[in-house]
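K.L.:
Quick one, fold the following:
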Amino acid sequence: MTLNELTTIDQLECFLDGSQICSYEVLSTKDERYTWIQSTLIQFHYTTVSKRKKGVVTRYLGKISGYSSAQLKRLIRQYVKTGKCVRRQQTQRGFARRYTDTDIRLLSELDELHESPCGMVVKMLCARTFQQGDTRYERLASISVSHVYNLRHSKTYQNQRRYFSKTQAKRSAIGERRKPNPQGQPGYLRVDTVHQGDQDKKKGVYHINLVDEETQFEIFFSVEKISEQYLAIGLKEAMAKLPFKIRGFHSDNGSEFINKTVATLLEKLHIEFTKSRARQSNDNALVESKNGSVIRKHFGYSHIPQHWANEINDTIQEPLYRYQNFHRPCFFPIIVTDKKAKKRKNMYTKI
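P.N.:
Take a look at the predicted model:
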């Protein structure tokens with residue numbers, strides 16, 4: 001049986017279910033497919049049959065023609081409206097292309113010679129080359145700066161030449177990148193931030209921990225947010241409670257401390273500002289160990305809302321500050337350098 005012998009919708013259902021043996025040829029051209037779809041819709045009286053039978057006819061059209069359901073719906077809608085399935089062939093091209101593949105290849109050669117300069121330089125080079133008598137650069141001589149970058153992203157340019165630039169690290173001139181050397185003198189602070197967790201997409205309170213490297217004197221304060229506005233006020237109050245002159249201030253590379261506000265405050269007080277080195281995790285290990293043994297021990301890891309920051313500073317900070325620095329024994333090694341410049345650690349108790 002061939003397609004021409006399928007005359008009823010019941011036969012179409014059997015064919016779609018695979019129980020009806022039928023041989024057919026694949027329609028090769030679009031014009032043949034449109035003509036066959038129109039004749040099939042007419043043959044099975046598509047506009048007058050029930051909804052279920054329309055679905056069978058649509059499935060049959062999709063199986064034979066290979067068109068998607070969206071395309072078939074457009075053709076059926078056109079047939080219901082006009083009684084025909086007409087193929088609309090595009091008769092005109094879009095916008096005329098000004099810069100050809102030859103121009104793009106010339107641009108890639110120019111970039112390779114001059115190591116991919118900026119767009120303005122490329123524009124001037126093309127105009128100068130054309131003025132010197134090279135007619136190949138006639139169109140590129142009038143190119144705009146922005147369109148140079150458009151051509152560089154084209155497929156023709158990428159096939160001709162690919163340019164990869166390395167990511168440039170952003171360097172900050174604030175603070176000196178080195179480990180502080182107190183030389184047995186107090187006043188060299190190590191600083192770090194402890195966050196008290198998130199809950200329901202809301203940030204918790206932040207604790208700023210300051211530890212003196214030589215005497216292990218520790219003080220902390222809590223702020224609602226990590227911003228220059230809150231930190232500057234908190235640092236001033238915390239430094240006023242320290243019983244010795246502050247000589248150094250060392251932090252990691254976080255933006256809460258590496259900013260102009262903190263740098264201006266330390267410069268005004270003539271305090272040395274240093275920051276941790278790359279791949280040197282021990283530069284700020286002292287205060288990080290205190291984060292766990294003091295801050296986390298007393299406050300835990302649970303979420304504390306930001307509005308409790310002032311309450312923590314007023315009621316909890318003072319007794320914890322006195323206990324930690326005046327009542328609790330502090331054990332830590334003292335490094336002694338011998339005559340051979342070898343450093344040894346001796347365990348002492350300081351109260």
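K.L.:
Low-confidence ranges, the stretch 101-250 of the chain, go.
P.N.:
Where the stretch 101-250 of the chain drops to pLDDT under 70, the residues are 163, 169-170.
K.L.:
Buried by neighbour count: which residues of the helix or strand encompassing residue 104 qualify?
P.N.:
Using DSSP states H and E, residue 104 sits within helix 101-114. Residues 103, 104, 105, 106, 107, 108, 110, 111 are the ones in helix 101-114 that count as buried (16 or more other C-beta atoms under 10 Å). All C-beta atoms are positioned from the backbone trio N, CA, C, and that covers glycine.
K.L.:
ok, now which ones touch the first one?
P.N.:
What that stands for is residue 103. 139, 140, 151 (C-beta atoms under 8 Å, 6 or more residues apart in numbering).
K.L.:
Quickly note the distance from the residue lying closest to residue 209 once chain neighbours are set aside to residue 137.
P.N.:
In space, and not counting its chain neighbours, residue 209 is closest to residue 220: 4.6 Å by C-beta to C-beta, 6 or more residues apart in numbering. Separation of residue 220 from residue 137 (C-beta to C-beta, to the nearest Å): 67 Å.
K.L.:
which one of these two has more residues nearby?
P.N.:
Neighbour count, other C-beta atoms under 10 Å: between residue 220 and residue 137, residue 220 has more, with 27 against 22.
K.L.:
helix, strand or coil for the more buried one?
P.N.:
Following DSSP: H, G, I helix; E, B strand; the rest coil, residue 220 is assigned to strand.
K.L.:
so who does it touch?
P.N.:
By C-beta under 8 Å, 6+ apart, the contact list for residue 220 reads 207, 208, 209, 210, 238, 294, 295, 317, 321.
K.L.:
Assumed the third one was part of a helix.
P.N.:
No - applying three-state DSSP, one finds residue 209 to be strand, outside a helix.
K.L.:
Isn't it up against residue 194?
P.N.:
Yes - with contacts counted by C-beta atoms under 8 Å, residue 209 reaches residue 194, the gap being 6.1 Å.
K.L.:
Name the residues contacting each of those two.
P.N.:
Common contacts of residue 209 and residue 194 (C-beta under 8 Å, 6+ apart): 291, 295.
K.L.:
after the helix holding residue 104 comes which helix or strand?
P.N.:
The helix or strand immediately downstream of helix 101-114 is helix 119-131, counting by DSSP H and E.
K.L.:
so what does that next one touch, helix or strand wise?
P.N.:
Counting contacts by 3 or more C-beta pairs under 8 Å, 6 or more residues apart in numbering; DSSP states H and E, helix 119-131 packs against helix 101-114, helix 145-152.
K.L.:
again, only using 6 Å
P.N.:
helix 145-152 (3 or more C-beta pairs under 6 Å, 6 or more residues apart in numbering; DSSP states H and E).
K.L.:
Could you check the angle the helix it packs on makes with helix 101-114?
P.N.:
Per axes from the mean of the first three to the mean of the last three C-alpha atoms, to 10 degrees, the angle that helix 145-152 makes with helix 101-114 is 100 degrees.
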